[in-house]
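J.: next input, structure requested:
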Amino acid sequence: MKTGVSAILLDAGGVLVFPQPDLFRLPLRELGVSPDIAAFERAHYQAMVVQDVAAVPPAAGTWWREYLVGYFAGFGVAENRCRELATEIAVATMGRAWTHVGTGAMAGLRALAALGLPMGVVSNSDGTVQAELRRLGVCYAPDQEGADGIPVGVVVDSAVVGVAKPNPAIFGIALDALGVPASGTVLHVGDSLRYDVAGARAAGLEPVHLDPHGFCPAPDGHRHVRTLTELAQTL
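T.: Prediction:
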């Protein structure tokens, strides 16, 4: 199958990095909840399902707060308290939350890099994703030579380029940088139906839904993997 893939694009949030658990331990502990790392990561995917099944996406400027509502619900927090807690914490954590490197993310990224295919990151972010991925030692773009982590051909941040998933144009920017034409031989790996799967389809790419817990609310018609390592092994 490797010979049938021309490039791999990866989402950042929910694929490589997650909200920092330390930001939420105290308020959750006060509610009698003491999650482990696996539970924090699982809550992310539960929050993304809430977004995926919503009739419309969050209004501009409210994504992080709305995400946190679903995130806290993933720990069993009562619905009315979820919104109160999300509103309280959203302001305090805005722009500094996505600093937890996912369990197994580095092993999976190394396995994909070993395939020797052009690879890049395409993220809906706030202008900081390239610097943060480098700082965390996850991956780095060509203009960041000498950094720790895995070299990739491009890191595209929606806030920098002015277009966000699911708009297919953001994938075109990444593929132009990689020198790879858009086609069904390009994989885009992401954690969201609304942003990643729909966006990849609109761009003519093959979506790969990173869905470790089988939460996908509409699983037909696209590929699913539980880990990046699993994807690398299938290639």
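
J.: pull the CA atoms of the helix or strand bottoming out on mean pLDDT in the chain into CSV?
T.: Across the helices and strands of the chain, mean confidence by mean pLDDT, DSSP states H and E is lowest for helix 79-93: a mean of 92. Backbone C-alpha positions of helix 79-93 (Å, rounded to 0.1, in the frame of the first residue of the first chain) are rendered in CSV as follows:
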residue,chain,number,x,y,z
GLU,A,79,-24.3,19.3,32.1
ASN,A,80,-25.0,22.6,33.9
ARG,A,81,-21.6,22.5,35.7
CYS,A,82,-19.8,21.8,32.4
ARG,A,83,-20.8,25.1,30.9
GLU,A,84,-20.0,27.0,34.1
LEU,A,85,-16.6,25.4,34.3
ALA,A,86,-15.9,25.8,30.7
THR,A,87,-16.7,29.5,30.8
GLU,A,88,-14.5,30.0,33.9
ILE,A,89,-11.5,28.1,32.5
ALA,A,90,-11.6,29.1,28.8
VAL,A,91,-10.3,32.6,29.4
ALA,A,92,-7.6,31.5,31.8
THR,A,93,-6.3,28.8,29.5
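
J.: list the pairing partners of whatever helix or strand comes next after that helix within its sheet, with orientation.
T.: Note on helix 79-93: by DSSP states H and E, the next helix or strand toward the C-terminus is strand 100-101. The strands beside strand 100-101 in its sheet (DSSP bridges) come out as strand 17-18 (antiparallel).

J.: what about the partner strand, average pLDDT?
T.: Strand 17-18 carries an average pLDDT of 98.

J.: repeat that for stretch 32-51.
T.: Average pLDDT, stretch 32-51: 97.

J.: that stretch: which residues count as buried?
T.: For stretch 32-51, burial by neighbour count (16 or more other CB atoms under 10 Å) applies to 35, 40-51. Any C-beta I mention is one placed from the backbone N, CA and C, and that applies to glycine too.

J.: and if you look at stretch 117-131?
T.: Buried-residue list, stretch 117-131, by 16+ other CB under 10 Å: 117-125, 128-130.

J.: and His167, how far from Ala203?
T.: Rather than His, residue 167 is Asn. Per CB to CB, to the nearest Å, Asn167 is found 9 Å from Ala203.
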